[in-house]
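Asks: 3D, please:
(one chain, ligands or ions: 3)
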Amino acid sequence: MSTQSNMIKVAVVGGEGIGPEVTTQSRRVLEWFAANRGVPMTLRDAEYGLIPYLKTGKVLPEDTAEAMDEADAILWGATGGPETTEVPAAARKAGSLLGLRSKYDLYANLRPIAASPSLSASAPLKAEVLDGVDFVIIRELTSGIYFGEPRGIETLHDGQRRGFNTEQYTTNQIRRVARAAFELARTRRGKVCSVDKANVLETSVVWREEMIALHKEEFSDVELTHLYVDNAAMQIVREPRQFDVMVTGNIFGDILSDCAAMASGSLGMLPSASLGPVDRYGRRKALYEPVHGSAPDIAGKGIANPLGSILSVAMLLRLTLNRPEDADLLEQAVQTALASGARTADIAEAGAKKLSTVEMGDAVLRALDKVSAKENA
Ligand SMILES: NC(=O)c1ccc[n+]([C@@H]2O[C@H](COP(=O)([O-])OP(=O)(O)OC[C@H]3O[C@@H](n4cnc5c(N)ncnc54)[C@H](O)[C@@H]3O)[C@@H](O)[C@H]2O)c1
Ligand SMILES: CC(C)[C@H](C(=O)O)[C@@H](O)C(=O)O
Ligand SMILES: [Mg+2]
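Replies: Ligands and ions are numbered 1, 2, ... in the order given. This next block holds a predicted model:
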């Protein structure tokens, strides 16, 4: 991490599938902020996935690991896809995204969901329930069933195979992500909905008890409610406006955020920030990435929606660079581009012109020029 001045180091890791396609556009946006708004940052590009594996035998070569280690912020694209079946499971595991989340202790994963007024005609949900949708899912990212031990696959006496994993949460793991949720709610509409499965799982019993205890001890000014995860999935589709901050465990948050993407129009629209603990200098390691994956079904076609990745840059500007005005400007530019009719295939109304990934990047850069000129006028 940077030790001097306010120069922020950003590692840009496009990865696989549509990852490099969308990250090329969000990188252009970062460059626009460096050139036009004097945002102090250095960019270091690094390869991840099949391509470096074929060259070095590692999906995460040393140079990439070093770029990520020294970065304040990582702009990540995506990992995975059928083309990577050439990479043995062990090599993939050695450099996995889960391993990186764990290595940097990126426990608080913020996934904001906002409905764009311009997309109400093409959104899968009814326009009446979308007006004003604005909530954040905070997903615990470094524990739960993704990381619990024991785990494995074994062969039983009768020859059947049995796969097993362990769901787990400790008091501290719950409390630190709960704190992130309560603190965020204080800057928003003051409401936290905690999602669990406490009617079945012991991990969720502890989760709910710790939420209630911390709320009572330190955050009684915030409204705290609870939902079981099955009901939460239904409520997100039925009436997403009821939520302000939703906090939940690793696997529930993974599933609920893809579900919530339907309130923003497409999975391609959702950004995210994964944050580590604050160190003694007040800094925290962060990884910014769209919520979607490598989308093998559209990879290489140049049609992926780059807005989830571009909006992740807005989160980077806000959370790592502490430049809220620049983050607002970028979010405004995205809305301006959408209002002017810019659509990739995933958000296009019937009959609308479909832009390529690059053309959507162009539309956002044009909108940035326009909104910043207006601001300076
Ligand atoms: N953070 C990550 O790197 C990440 C996240 C999710 C999935 N993955 C990996 O991605 C691979 C594919 O997974 P999947 O197909 O289940 O999920 P996915 O998110 O890649 O795609 C799901 C669907 O959404 C569409 N989609 C996703 N992003 C889009 C975009 N920007 N524009 C337009 N359409 C978009 C895809 O075309 C696909 O139909 C898997 O290997 C998975 O493990 C990686
Ligand atoms: C790629 C995969 C491991 C990842 C997850 O499950 O966390 C993804 O789905 C996500 O949402 O970031
Ligand atoms: Mg996911």
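
Asks: Report pLDDT for the residue in the stretch 51-200 of the chain that ligand 1 sits nearest to.
Replies: Across the stretch 51-200 of the chain, no residue is closer to ligand 1 than Gly80, which sits at 2.2 Å (CB to the nearest ligand atom). Bear in mind the C-beta positions are built from the backbone N, C-alpha and C, glycine included. At Gly80, the predicted lDDT confidence score is 89.

Asks: Can you give me every residue that contacts it?
Replies: Contacts were defined as CB atoms under 8 Å, 6 or more residues apart in numbering; by that measure Gly80 touches Glu16, Gly17, Gly293, Ser294, Pro296.

Asks: So which of these is the closest to ligand 1?
Replies: Comparing the contacts of Gly80 against ligand 1 with CB to the nearest ligand atom places Gly293 closest, at 2.2 Å.

Asks: pretty sure that closest one is touching Ala78, no?
Replies: Yes. Checked against CB atoms under 8 Å, the pair Gly293 and Ala78 is within contact range at 5.0 Å.

Asks: the more surrounded of the two?
Replies: Set Gly293 next to Ala78 and count neighbours by other CB atoms under 10 Å: Ala78 wins out with 29 against 20.

Asks: Find the residue closest to the more buried one in space, skipping its chain neighbours.
Replies: Take Ala78 and drop its neighbours on the chain: the residue closest to it by CB to CB, 6 or more residues apart in numbering is Gly19, 3.5 Å away.

Asks: Verify the contact between that neighbour and Thr79 for me.
Replies: Yes. Using CB under 8 Å, Gly19 is in contact with Thr79, at 7.1 Å.

Asks: quick one: common contacting residues for those two?
Replies: Shared between the contact lists of Gly19 and Thr79 (criterion: CB under 8 Å, 6+ apart) are residues Gly49, Ser294.

Asks: Show me which of those two is the more surrounded one.
Replies: Neighbours were counted for Gly19 and for Thr79 using other CB under 10 Å; Gly19 has more, 28 against 25.

Asks: And that one, what's its pLDDT?
Replies: In the prediction, the pLDDT value recorded for Gly19 is 98.

Asks: In contact with it, which residues?
Replies: Contacts for Gly19 (CB under 8 Å, 6+ apart) come out as Gly49, Trp76, Gly77, Ala78, Thr79, Ser294.

Asks: Looks like the last one contacts Gly17 (just checking).
Replies: Yes. Taking contact to mean CB under 8 Å, the distance of 2.5 Å between Ser294 and Gly17 places them in contact.

Asks: hang on, the earlier thing: against ligand 1, how distant is the residue nearest to Ala78?
Replies: Using CB to the nearest ligand atom, to the nearest Å, Gly19 is found at 7 Å from ligand 1.

Asks: Please confirm that Ala11 is located within a strand.
Replies: Yes. Ala11: assigned to a strand according to DSSP: H, G, I helix; E, B strand; the rest coil.

Asks: Could you report the distance from it to Ala178?
Replies: Taking CB to CB, to the nearest Å as the measure, Ala11 falls 29 Å from Ala178.

Asks: And the helices in the stretch 51-200 of the chain?
Replies: In chain order, the stretch 51-200 of the chain shows helices spanning 62-70, 89-94, 97-103, 127-130, 171-186, with DSSP state H, counting those that start in this stretch as the criterion.

Asks: Count residues in the vicinity of the closest residue in space to Val39 that isn't next to it in sequence, would you?
Replies: Excluding the flanking residues, the one nearest Val39 by CB to CB, 6+ apart is Phe33, at 4.2 Å. Other residues near Phe33 come to 24 when the count uses other CB under 10 Å.

Asks: for Glu210, same thing?
Replies: Taking other CB under 10 Å as the criterion, the count of residues near Glu210 is 20.

Asks: Verify the stated contact: it with Thr171.
Replies: Yes. Taking CB under 8 Å as the contact criterion, Glu210 and Thr171 are neighbours in contact, 5.7 Å apart.

Asks: Which part of the stretch 251-377 of the chain gets nearest to ligand 2, residue-wise?
Replies: Residue of the stretch 251-377 of the chain nearest ligand 2, by CB to the nearest ligand atom: Asp254 (4.4 Å).

Asks: Quick check: closest non-adjacent residue to that residue.
Replies: In this structure, Asp254 finds its nearest non-sequential neighbour in Arg139, 6.8 Å apart by CB to CB, 6+ apart.

Asks: tally of neighbours for that neighbour?
Replies: Other residues lying near Arg139 total 28 when counted by other CB under 10 Å.

Asks: can you state the direction angle for the helix or strand where Arg44 lies and helix 62-70?
Replies: Taking DSSP states H and E as the criterion, Arg44 maps to strand 41-45. For the pair strand 41-45 and helix 62-70, the angle between their directions (axes from the mean of the first three to the mean of the last three CA atoms, to 10 degrees) equals 150 degrees.

Asks: now strand 41-45: how far from the chain's centre is it?
Replies: 20 Å (CA atoms, centre = their mean, to the nearest Å).

Asks: Between Ser294 and Gly17, point out the one with more neighbours.
Replies: The residue with more neighbours, out of Ser294 and Gly17 and counting by other CB under 10 Å, is Gly17; that gives 28 against 24.
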